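Colleague: Just need the structure, nothing else, for what follows:
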Amino acid sequence: MKVARFYAPGDIRIEEAPEPSPKAGELKIRVHNTSTCGTDLKIFRHGHHHIDPPRVIGHEIAGEVVEAGEGVTGWEEGARVQVIAAIPCGDCAECKRGRMTVCPNQLSMGYHFDGGFAEYMIIPENVLKVDGVNRIPDSLAYAEASVAEPFACVLNGQTLAGVGEGDVVVVMGAGPIGCLHVRLARARGAEAVYLVELNKSRLDMAANLVKPDAAICGSEADAVEEVLALTSGRGADVVITAAASGKAQEDGLKMAARSGRISFFGGLPKDNPVIACDSNLVHYRELTIVGANGSTPYHNKQALDLIATGAVGVDDLITHRLPLDGVLDAIRIVSSGEAIKVTIEPGRVSV
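Modeller: Numbering: from 1, shown residues only. Sure thing, here's the model as predicted:
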């Protein structure tokens with residue numbers, strides 16, 4: 001079978017590999033879609049401390065069951081499934097308290113285990129143990145189901161930030177995550193949603209799809225001033241920084257309303273994680289700053305349901321569909337900012 005393996009920064013190879021067989025406690029699936037993520041671009045450029053190469057990457061996975069290993073029940077051949085990416089241990093103090101997103105023993109598909117940029121793959125026992133394989137509703141295509149994983153992360157972030165009825169929400173970053181945040185905020189009853197992005201062409205493309213109440217180009221205007229103007233000086237109830245930007249986090253504090261919540265959704269580069277925080281803003285305005293780290297198996301199930309019911313549409317966010325040997329093209333497209341969501345379809349024939 002064909003796979004895309006990461007060997008070193010700048011070195012991902014499309015190559016042949018033996019078709020895997022499931023061991024006891026495992027599932028084997030035929031991959032139909034694995035969508036790309038900004039993290040795949042980071043891995044390609046810099047590697048990752050959790051990856052011991054060579055490793056098949058890709059963690060936004062949807063496919064069909066081919067074979068169940070010994071002891072695995074409830075999964076018949078042909079079952080259509082979506083797979084979690086972040087794998088909590090299920091046993092630690094945090095997991096037992098329901099805080100699986102901060103499990104200190106967390107593992108990940110495409111990092112610790114071979115991922116979805118392959119024709120076939122093994123779902124490890126670790127995933128099955130925490131109920132991390134989900135049936136795809138009949139109404140959903142595999143491509144849409146693969147977007148459930150990043151959408152689950154968005155769902156976790158907005159739950160932690162308490163996005164709800166009547167909120168004015170600012171989303172900073174117009175990539176696929178930002179687009180999902182705009183749509184989920186609307187589905188949760190936000191009064192207005194504003195989208196901020198530095199790249200004008202990316203902003204225009206995203207805004208054309210998700211229709212925010214205002215689209216603010218941060219390279220052409222001061223985003224803080226624009227948000228304050230749009231809210232008659234009050235600011236936003238919730239600010240979500242869906243970008244790996246320290247300035248976005250700093251600006252988020254400045255544009256938040258009194259009693260506002262700021263979600264530091266996008267992590268910062270490991271070599272530059274410190275921002276300037278005016279703690280008096282936090283103190284006197286009673287601001288709340290929350291982190292957001294991945295998702296739980298339950299968030300993935302919720303995400304699939306929201307997509308399947310039409311509460312949050314994702315199909316039109318998939319702007320590029322490529323075959324497995326187009327993984328490097330997909331990473332280039334993600335890097336260029338010319339796409340919203342790029343999905344890899346191993347069954348697609350190259351042209």
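
Colleague: And the next helix or strand past whichever strand or helix holds Arg332?
Modeller: Using DSSP states H and E, Arg332 sits within helix 327-336. Heading C-terminal from helix 327-336, the first helix or strand you meet, by DSSP H and E, is strand 341-344.

Colleague: who's in contact with that next one?
Modeller: Residues outside strand 341-344 that contact it (CB atoms under 8 Å, 6 or more residues apart in numbering) are 33-36, 58, 116-117, 143, 146-147, 176, 314, 317-324, 326-327, 330, 333-334. Where you see a C-beta, it was placed from the backbone N, CA and C, and this is true even at glycine.

Colleague: Sheet partners, orientation included, of it?
Modeller: strand 27-35 (antiparallel), strand 318-322 (parallel) (DSSP bridges).

Colleague: among those, which is the most enclosed?
Modeller: Most buried of the strands paired with strand 341-344, by mean neighbour count (mean count of other CB atoms under 10 Å): strand 27-35, with a mean of 26.

Colleague: Report the contact partners of Asp204.
Modeller: Ala215.

Colleague: how would you label it: helix, strand or coil?
Modeller: helix (DSSP: H, G, I helix; E, B strand; the rest coil).

Colleague: so where do the helices sit in the stretch 101-250 of the chain?
Modeller: In the stretch 101-250 of the chain, the helices defined using DSSP state H, counting those that start in this stretch lie at 125-129, 142-146, 148-161, 176-187, 200-210, 223-230, 246-255.

Colleague: Nearest approach to Ala308 belongs to which of those?
Modeller: Smallest distance to Ala308 across the helices of the stretch 101-250 of the chain (CB to CB): 8.4 Å, for helix 142-146.

Colleague: So which other helices or strands are in contact with the closest one?
Modeller: strand 27-35, strand 60-68, strand 80-83, helix 297-308, strand 318-322 (3 or more CB pairs under 8 Å, 6 or more residues apart in numbering; DSSP states H and E).

Colleague: now the angle between helix 148-161 and the fourth one, please.
Modeller: Okay, so that is helix 297-308. 110 degrees (axes from the mean of the first three to the mean of the last three CA atoms, to 10 degrees).

Colleague: Helix 297-308: which residues count as buried?
Modeller: Burial within helix 297-308, assessed by neighbour count using 16 or more other CB atoms under 10 Å, is assigned to 297-304, 306-308.

Colleague: which residues are contacting it?
Modeller: 82, 84, 88, 100, 130-132, 134, 136-137, 139-140, 144-145, 147-149, 151-156, 184, 187, 295, 312-314.

Colleague: so for that helix, what's the average pLDDT?
Modeller: For helix 297-308, mean pLDDT rounds to 98.

Colleague: likewise the first one?
Modeller: Computed over strand 27-35, the mean pLDDT rounds to 98.

Colleague: again, but for stretch 170-182
Modeller: Per-residue scores along stretch 170-182 average to 97.
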